[in-house]
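Peer 1: Sequence plus predicted model, see below.
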Amino acid sequence: MDKIDINKKPTLLLVDDMTTNLLLLNDLLKDEYEVKVAKNGKKAIEIALSDMGVDLILLDIMMPEMDGYEVCKILKNNEQTKNIPIIFVTAKDSQEDEEYGLNLGAIDYITKPFKKTIVKLRVRNHIELKLKSDILEELSMYDGLTHIPNRRYFDEMFERRYKEALRQSEDLTVIMIDIDFFKPYNDNYGHGKGDEALRKVAIALKDTLKRPNDFIARYGGEEFVVLLNNLPQENISIVANELLDAVRNLNIEHLYSKVQNKITISLGIFHKSEDLNIEKDEILSSADGLLYEAKESGRNKFCSNNEALVYEKQI
């Protein structure tokens with residue numbers, strides 16, 4: 001989920017096979033919105049599925065080849081586009097037509113010929129509702145303390161990345177991370193300092209990941225999880241050691257740790273090669289088991305299912 005830019009103009013998609021209608025709506029709405037246009041259903045679906053971030057669709061019903069009803073069905077049945085609000089703008093004005101369109105998932109129904117002021121007001125109202133909904137959705141996907149993605153966001157992202165790895169025959173790496181001896185830190189320094197430490201660790205881990213698609217989330221408590229898609233095997237240990245160093249270099253005093261006098265972390269790394277047949281849940285449980293192994297064998301280190309990964313022991 002991308003961060004919401006409140007300064008960006010909302011994007012409208014106008015769909016109508018009549019050029020005059022498109023020009024009329026475009027002139028009416030272009031000052032307040034970024035406007036995209038499509039003259040048929042196929043093009044409308046293509047734009048909606050692209051990365052243009054469509055916020056609202058004004059959709060004609062009577063079009064050749066694929067009518068608006070069919071376009072609406074396809075968009076509402078697609079995970080990527082199902083939450084884009086659709087307003088039907090059409091000459092079909094019977095109560096049955098309106099009821100049918102709303103039952104398909106459209107949010108509103110405007111009949112032609114329409115009044116310009118009514119169209120502008122309805123579009124504005126639905127855009128405001130959409131943006132509020134997006135903000136609430138974003139907030140629900142981020143951890144309130146550390147401001148990085150939360151467990152819910154991770155579960156959604158992991159599902160997507162796992163399927164991508166299978167479909168594209170790519171490697172997938174999961175790194176489970178736990179702050180060493182965090183309970184005695186909280187008990188002795190207080191939960192306020194504990195929360196501050198969690199925030200600093202989260203930022204340090206996040207800043208260590210350099211590729212745009214690298215993903216980190218707070219898994220719960222003092223645990224974090226990292227997803228790395230298609231990272232060359234020889235680079236995994238580099239990333240792991242950088243994560244370890246990033247937290248050590250914060251130099252957060254922890255006199256109650258049994259490994260160092262500052263906060264450190266332990267990592268469990270499971271690397272799924274493209275030819276390894278393993279279920280999604282097994283990857284997580286394996287990474288968690290390797291994290292337990294790292295903690296049992298000394299902490300402040302990582303353990304992996306791949307012996308080729310090299311841990312740089314810090315003296």
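Peer 2: Happy to help now that I have it.
Peer 1: Grab the nearest non-local neighbour of Ser286.
Peer 2: Phe270 (4.5 Å; CB to CB, 6 or more residues apart in numbering). In short, each C-beta sits where N, CA and C put it, glycine included.
Peer 1: Confirm for me that the one you found is in contact with Cys303.
Peer 2: No. Judged on CB atoms under 8 Å, Phe270 makes no contact with Cys303 at a distance of 9.9 Å.
Peer 1: so what sits against both of the two?
Peer 2: Common neighbours of Phe270 and Cys303 are listed as Leu290 (criterion: CB atoms under 8 Å, 6 or more residues apart in numbering).
Peer 1: you'd agree the residue nearest to Ser286 is in a helix?
Peer 2: No. With DSSP: H, G, I helix; E, B strand; the rest coil as the criterion, Phe270 is assigned strand and is not in a helix.
Peer 1: what residues are up against it?
Peer 2: When contacts are counted by CB under 8 Å, 6+ apart, Phe270 touches Thr173, Val174, Ile283, Ser286, Ala287, Leu290, Ser304, Asn305.
Peer 1: Between those residues, which sits nearest Lys116?
Peer 2: Checking the contacts of Phe270 against Lys116 by CB to CB gives Val174 as the nearest, at 53.6 Å.
Peer 1: just checking, that closest one is part of a strand?
Peer 2: Yes. Counting by three-state DSSP, Val174 is located in a strand.
Peer 1: So it is in contact with Val225, correct?
Peer 2: Yes. Val174 sits in contact with Val225 when judged by CB under 8 Å, with a separation of 6.7 Å.
Peer 1: So for these two, which residues contact both of them?
Peer 2: Counting by CB under 8 Å, 6+ apart, the common neighbours of Val174 and Val225 are Ala287.
Peer 1: Could you list the low-pLDDT ranges of this structure?
Peer 2: Judged by pLDDT under 70, the chain has its weakly predicted residues at 1-7, 51, 307-315.
Peer 1: for it, what spans make up the strands?
Peer 2: 11-15, 34-38, 56-59, 86-90, 108-111, 172-179, 215-220, 223-229, 265-272, 302-304 (DSSP state E).
Peer 1: Please enumerate the helices of the chain.
Peer 2: Assigned by DSSP state H, the helices in the chain fall at 19-29, 41-49, 68-76, 95-103, 116-140, 151-168, 182-189, 191-208, 233-248, 280-296.
Peer 1: picking up where we left off before, and the two most separated of the contacts of Phe270?
Peer 2: Pairwise distances across the contacts of Phe270 peak at 12.8 Å for Ile283 and Ser304 (criterion: CB to CB).
Peer 1: Now neighbour count and distance to His191 too, for the contacts of Phe270, in CSV please.
Peer 2: Output for those, formatted as CSV (neighbours: other CB atoms under 10 Å; distance: CB to CB, whole Å):
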residue, neighbour count, distance to His191
Thr173, 27, 33
Val174, 23, 29
Ile283, 21, 32
Ser286, 19, 32
Ala287, 26, 28
Leu290, 22, 29
Ser304, 23, 33
Asn305, 17, 35
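Peer 1: if we can go back for a sec, need the helices of the chain in a markdown table (columns: distance to Ile84).
Peer 2: Below are those laid out as a markdown table (distance: least, CB to CB, whole Å):
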| stretch | distance to Ile84 |
| --- | --- |
| helix 19-29 | 16 |
| helix 41-49 | 6 |
| helix 68-76 | 6 |
| helix 95-103 | 15 |
| helix 116-140 | 8 |
| helix 151-168 | 18 |
| helix 182-189 | 42 |
| helix 191-208 | 29 |
| helix 233-248 | 36 |
| helix 280-296 | 28 |
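Peer 1: Thr264 is nearest to which of the ones you listed?
Peer 2: Per CB to CB, nearest to Thr264 of the helices of the chain: helix 233-248, 5.9 Å.
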